[in-house]
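# the sequence isn't on hand, but the structure is:
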């Protein structure tokens, strides 16, 4: 059954915390990696609790509260939980890295030979801390789970939520995809060839023709429900993951089978959001699909706005939901100008280094 997106909260390198606008102004960067524009946490988190929280946890809690407020499930963005049965039946989070900052603090302290280390970074470094802290802040004692599966992390969380609805276990679920980037982590993982070796301009990464992606980060939260409401953006109808397809032809076959399972084809898609990230070694996959199976669709992209990270499809889901709700495609995300007559169905296709591939279908 479909899941209705009734509320969204997104903290990203763009101005995305306002649910009443969609990319009013695109922020340009020339940097090693894109960092989030963080809100004033005083408006969302108790100051005593906030003092002991890492940056990632503050982002996660705030994104969750923005989504709950957007879905009219909290009395205000500063509320700690209404206590009136309006909290979600489940909290499910996907994160590829967890709190990198806290992990680095622990390792740095150990390397420095510190005898009396602060235990807080150790406690907060575990992957499930984000989901747990959201639950503690909201006073929500319902089902709570965290998925750590690299670039399948957010998709796994969404699939769990869809199962909750299919089995009649939950009526509403808070699903989040959260990851951060630090300079230390970037420096280490640059050696694997995952990232650009020099600072890059986010608006011109497609013309860089160099290996490696522009790294980024973000915290995206969604209130999914088994019924629409006055705040509904769109419906999420299906999520599928594909592991190490042999070639582009196999990817095309997976896409066709995914859509045919719902009685649809690519011709029914009014737009497709692709995960171009500026890595010349892997963007060719999108090029081939764009000239074949998606040649007649309005093609969009998004990673020039948020960068590449394990749960970046949370940004793509935010973009698709807003496009369907507002029947408007921002010029800053267009790859071509097919200009569909209507905006009813959107397909999201993302791949990470040709290992993890994922599909999401949304409709109005």
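Nice, I can see it. This structure is a prediction, so every number in the text was calculated from the model and none was measured.
# low-scoring stretches of the protein, by residue?
Judged by pLDDT under 70, the chain has its weakly predicted residues at 75-85.
# could you pull out the helices for it?
47-50, 55-70, 100-111, 119-124, 129-138, 153-166, 183-190, 248-260, 284-290, 303-306, 313-326 (DSSP state H).
# grab the nearest non-local neighbour of residue 200.
Take residue 200 and drop its neighbours on the chain: the residue closest to it by C-beta to C-beta, 6 or more residues apart in numbering is residue 214, 5.0 Å away. C-beta coordinates here come from the backbone N, C-alpha and C atoms, glycine included.
# one more: residue 208?
Once flanking residues are discounted, residue 208 sits nearest to residue 278: 5.6 Å by C-beta to C-beta, 6+ apart.
# and that neighbour, how close does it get to residue 115?
45 Å (C-beta to C-beta, to the nearest Å).
# between those two, who's got more neighbours?
The neighbour comparison of residue 278 against residue 115 (other C-beta atoms under 10 Å) goes to residue 278, with 26 against 5.
# isn't the more buried one right up against residue 203?
No. Taking contacts as C-beta atoms under 8 Å, residue 278 lies outside contact range of residue 203: 10.5 Å.
# list residues touching both of these two?
residue 304 (C-beta atoms under 8 Å, 6 or more residues apart in numbering).
# on that earlier part again, got the contact list for the residue nearest to residue 208?
By C-beta under 8 Å, 6+ apart, residue 278 lies in contact with 196, 200, 205, 206, 208, 210, 212, 213, 214, 303, 304.
# in a markdown table: these, plus distance to residue 251 and neighbour count.
Formatted as a markdown table, the contacts of residue 278 follow (distance: C-beta to C-beta, whole Å; neighbours: other C-beta atoms under 10 Å):
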| residue | distance to residue 251 | neighbour count |
| --- | --- | --- |
| 196 | 25 | 23 |
| 200 | 27 | 25 |
| 205 | 22 | 25 |
| 206 | 20 | 16 |
| 208 | 24 | 16 |
| 210 | 24 | 14 |
| 212 | 22 | 24 |
| 213 | 19 | 27 |
| 214 | 23 | 25 |
| 303 | 18 | 25 |
| 304 | 22 | 25 |
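# return the subset of these lying in strands.
Among the contacts of residue 278, DSSP state E puts residue 200 in strands.
# show me which of the contacts of residue 278 is closest to residue 45.
Nearest to residue 45 among these: residue 303, at 28.7 Å, using C-beta to C-beta.
# what residues are up against the closest one?
205, 213, 214, 216, 275, 276, 277, 278, 312, 315.
# do residue 62 as well
9, 11, 39, 41, 44, 45, 219.
# then residue 150?
96, 310, 352, 356.
# now do it against residue 144, distance only.
Distance of residue 150 to residue 144, given as C-beta to C-beta: 21 Å.
# could I get the buried residue list for stretch 207-225?
Buried residues in stretch 207-225, counted by 16 or more other C-beta atoms under 10 Å: 208, 212-225.
# first vs last residue of it, how far apart are they?
Distance between the boundary residues of stretch 207-225 (C-alpha to C-alpha, to the nearest Å) amounts to 40 Å.
# centre-most residue in this protein?
Residue closest to the average C-alpha location in the chain (C-alpha atoms, centre = their mean): residue 314, at 1.7 Å.
# what about the spatially most distant residue from the centre of the chain, distance to residue 268?
Ranking residues of the chain by C-alpha distance from their mean position (C-alpha atoms, centre = their mean) puts residue 115 at the top, at 38.3 Å. Here residue 115 is placed at a distance of 64 Å from residue 268 (C-beta to C-beta).
# try residue 167
Residue 167 sits 28 Å away from residue 268 when distances are taken as C-beta to C-beta.
# again, but for residue 208
Separation of residue 208 from residue 268 (C-beta to C-beta): 34 Å.
# over to residue 146?
Applying C-beta to C-beta to residue 146 and residue 268 gives a distance of 34 Å.
# which of residue 167 and residue 268 has more neighbours?
residue 268 (15 against 8).
# can you tell me the closest non-neighbouring residue to that one?
Closest to residue 268 by C-beta to C-beta, 6+ apart is residue 345, at 5.6 Å.
# from what I can see the one you found touches residue 360, true?
No. With contacts counted by C-beta under 8 Å, residue 345 stays clear of residue 360, the gap being 11.4 Å.
# distance between the ends of stretch 47-59?
14 Å.
# can you give me how far that stretch is from the chain middle?
Chain-centre distance of stretch 47-59: 21 Å, with C-alpha atoms, centre = their mean, to the nearest Å.
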